[in-house]
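Visitor: pasted the sequence and its predicted model underneath.
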Amino acid sequence: MPDALEAIRSYILWIISNLTLTGIIDILVIAVMFYGLLYLIRGTQAVQLLRGTLLLVLAIVLLSNVFQLTAINFLIRSSISAMLIAIPVIFQPELRRALERLGRAGRFFGRAPTGALTNPVIEHITRAAEELSERRHGALIVLERETGLQDVADTGMPLDAAVSTDLLLTIFFPKTELHDGAALIRHDRIVAARCILPLVDRPVMEGHMGTRHMAALGLTERTDAIVIVVSEETGIISVARSGRMVRNLDKGRLSRMLYRWFQPQLSERFPRIFRRATAEDGASAPVGTTPASVGTKVELVSQPESESR
């Protein structure tokens, strides 16, 4: 055992003694790449998979180099090409999300979002959400931003109608043919209704989370869309963004959040509301809080109840 520890110590000292400026830059670049990967997959099941894979590979490489295990070294070198093929398959959702973010890189240079909503449109949406909540009519409203959602629109019935409170109330009236599905809003138009959204592939903790909430989380973790959910069972208004959800909203808070996301130039009117953790991620409030002025973050850990209607 002491010989093994001495061999490991000698190997580490050899690496340090042969470290150059180019090597340091190389290590920093790799560290940044790994940080970006971990940032993209945070909160997903891929974190445990990546952690286990890295620990196994590092242990095998370290032991094979310390004890000069020729066969294992040969096997590792021969497996590199197979790993390059396996990585995109294993991390396909995360890589897709990263490429979509790169495609929206214009926002980092101050470009205004292409999916901006006008004041009247936001007012119509929030008023409709409030009335739907009071009537206990379930609703699923998708607000398109920079990622095109034509594939989602194609799954529903095309409308191409101006956004109005009355039209949204009519769409989600329980006895209409359009209420079972999502309404897609692009700019100031309702482009389609009865749209089918992809469900989240992770379970949720909240017992009152149903199919609508899972669909909202599923779409927002794949795109930059904003999805408003009104629960048919409880009347609770929720909003989903980036695979996260804030619940227990009232009309005022929902309106402020939409202004923050679709008209960022107006966010200075609400400096205390639109901190990064609350408005963008919905992450400041503890799970289980119920006041409408706070909003509740939803964690994804257990199986929800069904809310098919």
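Guide: Yep, it's here. Residues are numbered from 1 along each chain as shown.

Visitor: which parts of the stretch 101-250 of the chain are strands?
Guide: For the stretch 101-250 of the chain, the strands defined by DSSP state E, counting those that start in this stretch occupy 139-143, 157-162, 182-186, 189-195, 226-230, 237-241, 244-249.

Visitor: could you dump the ones you listed to a markdown table with mean pLDDT?
Guide: Supplementary listing: the strands of the stretch 101-250 of the chain in a markdown table, determined by pLDDT from 0 to 100:
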| stretch | mean pLDDT |
| --- | --- |
| strand 139-143 | 96 |
| strand 157-162 | 93 |
| strand 182-186 | 95 |
| strand 189-195 | 95 |
| strand 226-230 | 96 |
| strand 237-241 | 95 |
| strand 244-249 | 91 |
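
Visitor: got a markdown table for the ones you listed, with distance to Leu58 and mean neighbour count too?
Guide: From N, CA and C alone the C-beta is placed, and that goes for glycine too. As requested, these are arranged in a markdown table below (distance: least, C-beta to C-beta, whole Å; neighbours: other C-beta atoms under 10 Å):
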| stretch | distance to Leu58 | mean neighbour count |
| --- | --- | --- |
| strand 139-143 | 43 | 25 |
| strand 157-162 | 53 | 13 |
| strand 182-186 | 45 | 26 |
| strand 189-195 | 45 | 22 |
| strand 226-230 | 40 | 26 |
| strand 237-241 | 36 | 26 |
| strand 244-249 | 32 | 24 |
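
Visitor: in JSON lines, list these along with distance to Val57.
Guide: Shown next, in JSON lines, are the strands of the stretch 101-250 of the chain (distance: least, C-beta to C-beta, whole Å):
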{"stretch": "strand 139-143", "distance to Val57": "41"}
{"stretch": "strand 157-162", "distance to Val57": "50"}
{"stretch": "strand 182-186", "distance to Val57": "42"}
{"stretch": "strand 189-195", "distance to Val57": "43"}
{"stretch": "strand 226-230", "distance to Val57": "38"}
{"stretch": "strand 237-241", "distance to Val57": "35"}
{"stretch": "strand 244-249", "distance to Val57": "31"}
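
Visitor: which one of the ones you listed lies nearest to Ser78?
Guide: The closest approach between Ser78 and any of the strands of the stretch 101-250 of the chain, judged by C-beta to C-beta, belongs to strand 244-249 at 41.6 Å.

Visitor: I'd like to know which elements the very next helix or strand once past the closest one is packed against.
Guide: Under the assignment DSSP states H and E, the closest C-terminal helix or strand after strand 244-249 is helix 251-262. Using 3 or more C-beta pairs under 8 Å, 6 or more residues apart in numbering; DSSP states H and E as the contact criterion, the secondary-structure elements in contact with helix 251-262 are helix 119-135, strand 226-230, strand 237-241.

Visitor: got a list of contacts for the last one?
Guide: Put plainly, it is strand 237-241. The set of residues external to strand 237-241 that reach it, using C-beta atoms under 8 Å, 6 or more residues apart in numbering, is 129-130, 133, 213, 216-217, 219-220, 226-231, 245-250, 254, 257, 261, 280-282, 298.

Visitor: can you list the domain ranges for the chain.
Guide: 2-103, 119-297 (automatic domain parsing).
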